[in-house]
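Q: Generate coordinates for the sequence data below:
(chains A and B)
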Amino acid sequence: GAVVSQHPSRVICKSGTSVKIECRSLDFQATTMFWYRQFPKQSLMLMATSNEGSKATYEQGVEKDKFLINHASLTLSTLTVTSAHPEDSSFYICSARERYTEAFFGQGTRLTVV
Amino acid sequence: DAKTTQPPSMDCAEGRAANLPCNHSTISGNEYVYWYRQIHSQGPQYIIHGLKNNETNEMASLIITEDRKSSTLILPHATLRDTAVYYCIVSTNTNAGKSTFGDGTTLTVKP
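A: Next comes the predicted model:
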């Protein structure tokens, strides 16, 4: 299958700071990328959908000013958690796909806000 | 997207076939069945997908009933590394990836 790389795999940041997570499609052009969040012992929750060159579409209840998503190229999307707080600690996962194909997931980023 | 129902957990003996069922009785004609699995603390891994014909790849086989209301993922020779949470998702190909993940089935492969 296609490869999606997410970086960093783990990050610890201080409360009030911002953290950027990168998601790259390594061997295909990702027309659409998705960002998910997963809390311990829970399933994945879709946060937002982004199409290359367009503004992201956020799911209900997800603060767009807190979770900034940029999908400036066909191989890169970034998620910035602004003014992070301990309750933002979670496992963040991206996925990407070409048009009309299945989606492939990154390995996830474990964010811990202290 | 149609809702899916999966058993919360299953056990399988190492080397035996693991058959994971999924019910999707409200599936629409243009919706595909996708299977992913998630090993602890990793991102989900794509396994297989299909529309109405049975599908097979190097990882698994997907059997879809004729009425498309249910499907079964088959891991022909389960290994300990197949222990994971398996998710069955129904979606159109235009919405693939924009998925509602349910609780999935936790498959435990035992020696």
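Q: in the chain, which spans are strands?
A: I'll assume chain A. In chain A, the strands defined using DSSP state E lie at A:4-7, A:10-13, A:19-25, A:32-38, A:45-51, A:57-58, A:67-73, A:76-81, A:90-97, A:104-105, A:109-113.
Q: I was after chain B.
A: Taking DSSP E as the test, the strands found in chain B are B:9-13, B:18-23, B:31-38, B:45-50, B:55-56, B:61-64, B:70-75, B:84-92, B:105-110.
Q: partner strands of the longest one, parallel or antiparallel?
A: Which is strand B:84-92. strand B:31-38 (antiparallel), strand B:105-110 (antiparallel) (DSSP bridges).
Q: Pick out the residue nearest the middle of chain A.
A: Most central in chain A under Cα atoms, centre = their mean is A:W35, positioned 3.8 Å from the mean C-alpha point.
Q: Look up which residues are beta-bridged to that residue.
A: If you apply DSSP bridges, the partners that A:W35 bridges to are A:A48, A:C94.
Q: That one and A:I69 touch, don't they?
A: Yes - counting by Cβ atoms under 8 Å, A:W35 does reach A:I69; the two are 6.3 Å apart. From N, CA and C alone the C-beta is placed, and that goes for glycine too.
Q: who touches both of these two?
A: Both A:W35 and A:I69 are in contact with A:A48, A:S50, A:S77, A:L79, where contact means Cβ atoms under 8 Å, 6 or more residues apart in numbering or on different chains.
Q: mind listing what residue 111 touches?
A: With no chain named, the answer covers chain A. A:V11, A:C13, A:V19, A:I21, A:V81, A:A84, A:D88, A:S89, A:S90, A:F91, A:Y92.
Q: should've been chain B
A: B:P111 neighbours (Cβ under 8 Å, 6+ apart): B:E14, B:L80.
Q: if we can go back for a sec, contacting residues for the residue nearest to the centre of chain A?
A: A:W35 neighbours (Cβ under 8 Å, 6+ apart): A:C23, A:L46, A:M47, A:A48, A:S50, A:F67, A:I69, A:S77, A:L79, A:Y92, A:I93, A:C94.
Q: what do you get if the cut-off is 6 Å, keeping everything else the same?
A: Going by Cβ atoms under 6 Å, 6 or more residues apart in numbering or on different chains, A:W35 touches A:M47, A:A48, A:L79, A:C94.
Q: Relative to chain B, which of these is nearest.
A: When the contacts of A:W35 are compared for distance to chain B (Cβ to the nearest Cβ), A:C94 wins out at 7.9 Å.
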